[in-house]
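Novice: need a structure here:
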Amino acid sequence: MKGGALAEYVLQHLDRQSARTLSRQLYRIFSQLILDGVLQAGEKLPASRTLAQECGLSRNTVVQAYEQLLAEGYVESYTGSGTFVSAAVQVQQQVETVDTLTLSTAVPHWELSTRGIEMVSRAQASPQQWQPFVAGVPDVSLFPNQIWLRLLRRHWKTAKPELLTYAHGAGYLPLREALIEHLRLARGVRGSAEHVLLISGLHQALSLTAHLLAEPGMTVWMENPGYWGASTVLKMAGLKVVPIAVDEEGLAPTAEQMREPPRLIFVTPSHQYPLGHVMSLARRRLLLEYAYQHGSWIIEDDYDSEFRFEGQPIASLQGLDQYHRVIYMGTFSKTLFPGMRLGYMVLPQTLTRYFATGVSELYRDGRLLEQAVLCDFITEGHYAAHVRRVRLHYARRQSVLREVIAETLGENWPLSNHEAGLHLVVHLPVGTDDVRISQAAQAIGLMVRPLSKYYLDKNAKPGLLLGYANVDEALIKPYFRRLVSIIQSAIASD
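Specialist: Residues are numbered from 1 along each chain as shown. Down below sits the predicted model:
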């Protein structure tokens with residue numbers, strides 16, 4: 001593009017009414033022409049005085065644009081010769097349209113690792129986290145905002161510098177002291193504050209554990225079905241995930257599987273996710289003995305133990321561990337709100353120092369001020385009161401959901417996970433396409449997850465996870481009646 005043609009192009013694309021300065025607009029026009037290859041490498045730009053006259057601009061405006069192009073490497077300037085397009089920016093561009101729905105075949109292999117391709121092509125995290133029946137999400141509208149705000153203001157008034165900088169080590173000591181006391185009384189967890197490590201949630205805790213305790217290629221046992229997020233994190237750490245079936249007593253490895261001990265064993269013994277089974281005492285003792293004999297580490301995910309609606313709370317596996325092979329993990333995402341991103345680990349004494357160092361080196365956490373607020377929230381009794389209050393809400397909502405299921409699908413329709421938690425599993429006849437049901441439900445604004453996606457092998461069973469915690473009690477029945485027509489239609493066609 002030469003002389004007058006270039007000036008005419010500039011005049012067509014300048015917006016003198018724009019809030020953006022004319023020099024900035026001129027810079028953007030030239031940089032885009034260079035990136036598009038319209039202005040070729042080595043091509044000389046018009047002299048600043050000439051371009052200013054032809055476009056009706058001040059010379060300073062053109063000079064400022066040229067200086068920005070020079071600073072960012074778009075052009076090169078030679079005293080006495082002029083300004084030229086740099087050869088460095090003339091890069092061959094390959095444009096590919098990637099369909100995110102078929103990412104497993106469209107992702108360019110030179111861009112992502114093999115593990116990366118597998119992760120993004122099988123991703124299950126939903127962008128919708130507040131639709132009716134989304135599983136695992138509490139009713140955040142029940143959170144006592146005013147109490148939290150009062151405690152937060154208290155700390156901000158006298159905020160110490162050490163609470164506003166990076167966290168180092170295991171986290172805010174008073175919160176760890178309050179937390180271990182709560183866990184001792186509520187969950188039968190053994191230990192002291194020095195065994196507690198504050199982290200941002202289960203995913204970070206698993207990543208830290210995998211990096212510190214396992215080499216790439218080592219084996220981890222995962223419950224099948226189980227939490228897909230846990231298996232994703234462990235796979236991305238380079239571990240070999242082995243699916244282990246669960247029955248009504250919990251994790252049920254075969255004799256053949258037990259002949260090949262894993263490095264890590266991931267379990268949800270107090271409330272199996274997603275089916276809701278409680279691991280029996282016999283199975284717990286067997287698992288602890290097996291881990292001790294073979295040097296395996298047990299990861300206990302106690303993700304929603306506070307919400308049990310029938311009988312007494314189930315004691316933690318960690319409380320039975322006389323061999324110190326259990327790493328206990330929990331979170332405030334279910335009891336308070338997911339956006340808090342705060343959880344905890346209770347570690348064997350032999351690991352505490354290494355994990356405290358690891359979390360500082362790998363993640364550079366902070367949120368110490370929020371930890372101080374949460375400490376007050378617990379020690380002043382607000383946490384226990386909040387959990388008691390929302391437990392009653394969730395129990396009523398689950399009861400309403402079970403009622404409408406019986407009314408529409410029949411009283412004997414197979415369900416699981418009804419004693420506790422934030423969701424129910426509605427089982428479906430063999431051969432039913434639960435993924436198609438989930439997609440159809442989402443199209444009408446209902447977020448139900450297909451049970452088959454929680455399996456790690458080809459023995460998947462169909463079903464639907466229905467979260468009830470975040471659905472208003474009055475809306476559960478009308479919402480489910482909309483869903484049941486989709487279920488019945490799918491069963492009939494399959």
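Novice: Below-threshold pLDDT in the chain: ranges please.
Specialist: 1-3, 90-110, 126-130, 494 (pLDDT under 70).
Novice: For it, identify the residue most remote from the centre.
Specialist: Residue farthest from the centre of the chain, counting by CA atoms, centre = their mean, is residue 80 at 57.8 Å.
Novice: Look at it and tell me its secondary structure.
Specialist: Put simply, residue 80 is coil when judged by DSSP: H, G, I helix; E, B strand; the rest coil.
Novice: list the contacts for residue 317?
Specialist: Residue 317 sits next to 267, 269, 270, 279, 284, 287, 288, 298, 300, 326, 328 when contact means CB atoms under 8 Å, 6 or more residues apart in numbering. The C-beta positions use only the backbone N, C-alpha and C, and glycine is treated the same way.
Novice: Quick one: residues contacting the second one.
Specialist: For residue 269, the set of contacting residues under the criterion of CB under 8 Å, 6+ apart consists of 250, 251, 278, 279, 284, 300, 314, 316, 317.
Novice: Could I have the buried ones of those as ChimeraX selection syntax?
Specialist: Buried residues within the contacts of residue 269, by 16 or more other CB atoms under 10 Å, are selected in ChimeraX with:
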select :250,251,278,279,284,300,314,316,317
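Novice: Just the contacts of residue 269: which are in strands?
Specialist: Using DSSP state E, the members of the contacts of residue 269 that fall in strands are 250, 251, 300.
Novice: nearest residue to the first one other than its sequence neighbours?
Specialist: I take that to be residue 250. For residue 250, ignoring the flanking residues on the chain, the nearest one in space by CB to CB, 6 or more residues apart in numbering is residue 279 at 3.0 Å.
Novice: Map the structural domains onto the sequence of this protein.
Specialist: According to automatic domain parsing, the chain is divided into the following domains: 3-89, 144-379, 385-493.
Novice: List just the one of these that sits closest to residue 114.
Specialist: domain 144-379 (10.6 Å; CB to CB).
Novice: May I have stretch 474-494 exported as PDB, CA atoms only?
Specialist: Provided in PDB are the C-alpha atoms of stretch 474-494 (Å, rounded to 0.1, in the frame of the first residue of the first chain):
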ATOM      1  CA  ALA A 474     -41.700 -24.700  46.700                       C
ATOM      2  CA  LEU A 475     -40.000 -25.200  43.300                       C
ATOM      3  CA  ILE A 476     -38.700 -28.800  43.600                       C
ATOM      4  CA  LYS A 477     -41.900 -30.600  42.600                       C
ATOM      5  CA  PRO A 478     -42.700 -28.400  39.600                       C
ATOM      6  CA  TYR A 479     -39.100 -28.600  38.400                       C
ATOM      7  CA  PHE A 480     -39.000 -32.300  38.800                       C
ATOM      8  CA  ARG A 481     -42.300 -32.800  36.900                       C
ATOM      9  CA  ARG A 482     -40.700 -31.000  34.000                       C
ATOM     10  CA  LEU A 483     -37.700 -33.400  34.200                       C
ATOM     11  CA  VAL A 484     -39.700 -36.600  34.600                       C
ATOM     12  CA  SER A 485     -41.300 -36.200  31.200                       C
ATOM     13  CA  ILE A 486     -37.800 -36.200  29.700                       C
ATOM     14  CA  ILE A 487     -36.900 -39.300  31.700                       C
ATOM     15  CA  GLN A 488     -40.000 -41.200  30.700                       C
ATOM     16  CA  SER A 489     -39.600 -40.300  27.000                       C
ATOM     17  CA  ALA A 490     -35.900 -41.400  27.100                       C
ATOM     18  CA  ILE A 491     -36.800 -44.700  28.800                       C
ATOM     19  CA  ALA A 492     -39.500 -45.400  26.200                       C
ATOM     20  CA  SER A 493     -37.300 -44.600  23.200                       C
ATOM     21  CA  ASP A 494     -34.300 -46.600  24.600                       C
END
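Novice: Since that was my last question, I'll sign off now.
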